[in-house]
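Peer 1: Take a look and give me a structure for this.
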Amino acid sequence: MEPLETTTKNPKMEELEDYVQHLEISLPKELWMGAFPISLYEGFWCSPKIFKSTILFQTQFEAHDTDILLASLPKTGSTWLRSLLFAIVNRNIFSDFTKHPLHTQNSHELVVHMEFPPSNNTNGTQPDLTKLSSPRLLATHIPYLSLPKSIKTSKTRIVYVCRNPFDTFISSWHFYHKLSLNTSSELDHNTIEEYFGQFCEGKFPYGPYEDHLLGYWKESIQNPNKVLFMEYEGLKQDPKAYVKKLAEFVGYPFSQLEQEKGIIDDIIKLCSFENLKKMKVNNSGDAYGIFENKALFRKGEVGDWTNYLTPSMTKMFDQNFHEKFKGTGFNSKYYQPSF
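Peer 2: From the prediction side, this is the model:
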């Protein structure tokens, strides 16, 4: 199928609707966790519900040199990173952390996700960016290769966060169960092997895992001033070092005086998983009209997957990962495939 014409700044909505309808018919389809339709679009699995906003993001978005984009797969720590990023960039505006916007707004409201229109956007297209001050803080789940051209050619800075694939799956398994129609039922542990097999095949939202990670990692090696590659486990292990690195990368380094005053520690405390989880705003309301805010916070632990996955199950993923990353030079101290 021919791609949507990208030279027109404001394509007719009828043209877009027609294009999306043809996409839904023509693309390969799967059912994630037995309940969520996904289609293979540009090499990654995408929900048909966000085709329109995704395509508009790809074809119509105009990046600013000052933009900061947080990229990730779902359930890899992006809610935490949104909070840290907002607090770091806006620390001089919101210096009183007891009255910080994070106490009254979920981080998904403060850092705009480009594929998910806000719940009050009735036409289901793109979020309104006109009222955002510079730097605009944005987020996406789509792979690097599918990002808008203007992001790649501008000075937009990209922060990518990844997480151990097994913890990513377990967190996703719990999250999507809460989104299913039968939310009151207990997780069926008899289905975990089937769904993990699907995850290993890359057939989950925005997967495959390996392709997503590799795309951003390669760009971080080739253009380290453009892409910062971060690991969730490293942030958990040494938050101070990672927060300092994040602040420097996005152009808001901490001064010596700020460090002496403990501003870094204050931001880490404000944005800690435990603190965010107990905030009233994160225990009520919903994000994008799709899921409850509290669904974003479960455990946030490293290594919880060992309570669910067996060695024989993880071996299948390890083999796939090894094949795709062989010869790339990629190495992680937090995920070591076993054979």
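
Peer 1: could you dump stretch 71-83 to CSV, C-alpha only?
Peer 2: The C-alpha trace of stretch 71-83 is given here as CSV (Å, rounded to 0.1, in the frame of the first residue of the first chain):
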residue,chain,number,x,y,z
ALA,A,71,11.1,7.3,23.8
SER,A,72,10.4,3.8,25.1
LEU,A,73,8.5,0.6,24.9
PRO,A,74,5.4,0.6,27.2
LYS,A,75,6.0,-0.6,30.8
THR,A,76,9.7,0.2,30.9
GLY,A,77,9.7,3.1,33.3
SER,A,78,8.5,5.9,31.1
THR,A,79,6.0,7.2,33.7
TRP,A,80,8.9,7.6,36.2
LEU,A,81,11.1,9.2,33.5
ARG,A,82,8.4,11.7,32.6
SER,A,83,8.2,12.8,36.2
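
Peer 1: now the strands for the stretch 1-150 of the chain?
Peer 2: For the stretch 1-150 of the chain, the strands defined by DSSP state E, counting those that start in this stretch occupy 29-32, 36-41, 44-46, 68-72, 112-113, 137-140.

Peer 1: and L228, that one's in a strand?
Peer 2: Yes: assessed with DSSP: H, G, I helix; E, B strand; the rest coil, L228 lies in a strand.

Peer 1: mind listing what it touches?
Peer 2: By Cβ atoms under 8 Å, 6 or more residues apart in numbering, L228 lies in contact with 157-160, 220, 245-246, 249. Every C-beta, even on glycine, is put in place using the N, C-alpha and C of the backbone.

Peer 1: Go ahead and build a PyMOL selection from the buried members of the residues you listed.
Peer 2: Burial among the contacts of L228 is assessed by 16 or more other Cβ atoms under 10 Å; the matching PyMOL selection reads:
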select buried, resi 157+158+159+160+220+245+246+249
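
Peer 1: if you look at the contacts of L228, which of them are in strands?
Peer 2: When DSSP state E defines the strands, the subset of the contacts of L228 inside them is 157-160.

Peer 1: closest to P311 among those?
Peer 2: Closest approach between the ones in strands among the contacts of L228 and P311, by Cβ to Cβ: Y160, at 28.9 Å.

Peer 1: what about the nearest residue to that closest one once chain neighbours are set aside, neighbour count?
Peer 2: Leaving aside its chain neighbours, Y160 sits nearest to Y216 (4.0 Å; criterion: Cβ to Cβ, 6 or more residues apart in numbering). When neighbours are defined as other Cβ atoms under 10 Å, Y216 has 24 of them.

Peer 1: shaky segments in the stretch 151-300 of the chain?
Peer 2: 180-189, 282-298 (pLDDT under 70).

Peer 1: make it 80
Peer 2: Applying pLDDT under 80 to the stretch 151-300 of the chain flags residues 177-190, 273, 277, 279-300.

Peer 1: Columns distance to E17 on top of the contacts of L228, output as CSV?
Peer 2: Converted to CSV, those look like this (distance: Cβ to Cβ, whole Å):
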residue, distance to E17
R157, 34
I158, 30
V159, 33
Y160, 32
S220, 37
K245, 44
L246, 39
F249, 39
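
Peer 1: so how many other residues sit close to I264?
Peer 2: For I264, the neighbour count with other Cβ under 10 Å is 19.

Peer 1: what do you get for M316?
Peer 2: Neighbours around M316, by other Cβ under 10 Å: 15.

Peer 1: hang on, the earlier thing: now, which of the contacts of L228 sits nearest Q198?
Peer 2: Ranked by distance to Q198 (Cβ to Cβ), the contacts of L228 are led by Y160 at 23.7 Å.

Peer 1: surely that closest one meets S220?
Peer 2: Yes: between Y160 and S220 there is a contact under Cβ atoms under 8 Å: 6.8 Å.

Peer 1: what touches both of the two?
Peer 2: Common neighbours of Y160 and S220, counting by Cβ under 8 Å, 6+ apart, are 227-229.

Peer 1: As a markdown table, the residues you listed with distance to P48 would be great.
Peer 2: Listed next are those as a markdown table, based on distance: Cβ to Cβ, whole Å:
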| residue | distance to P48 |
| --- | --- |
| V227 | 29 |
| L228 | 32 |
| F229 | 30 |
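
Peer 1: What is the most widely separated pair among the ones in strands among the contacts of L228?
Peer 2: Farthest pair in these (Cβ to Cβ) is R157 and Y160. Separation: 10.6 Å.

Peer 1: what is in contact with these two at once?
Peer 2: With Cβ under 8 Å, 6+ apart, R157 and Y160 have common neighbours 227-228.

Peer 1: before we move on, back to that, can you lay out the strands of the stretch 1-150 of the chain as TSV showing mean neighbour count, mean pLDDT and distance to G300?
Peer 2: Output for those, formatted as TSV (neighbours: other Cβ atoms under 10 Å; pLDDT from 0 to 100; distance: least, Cβ to Cβ, whole Å):
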stretch	mean neighbour count	mean pLDDT	distance to G300
strand 29-32	14	94	22
strand 36-41	18	94	23
strand 44-46	24	96	25
strand 68-72	25	98	14
strand 112-113	21	92	20
strand 137-140	24	97	18
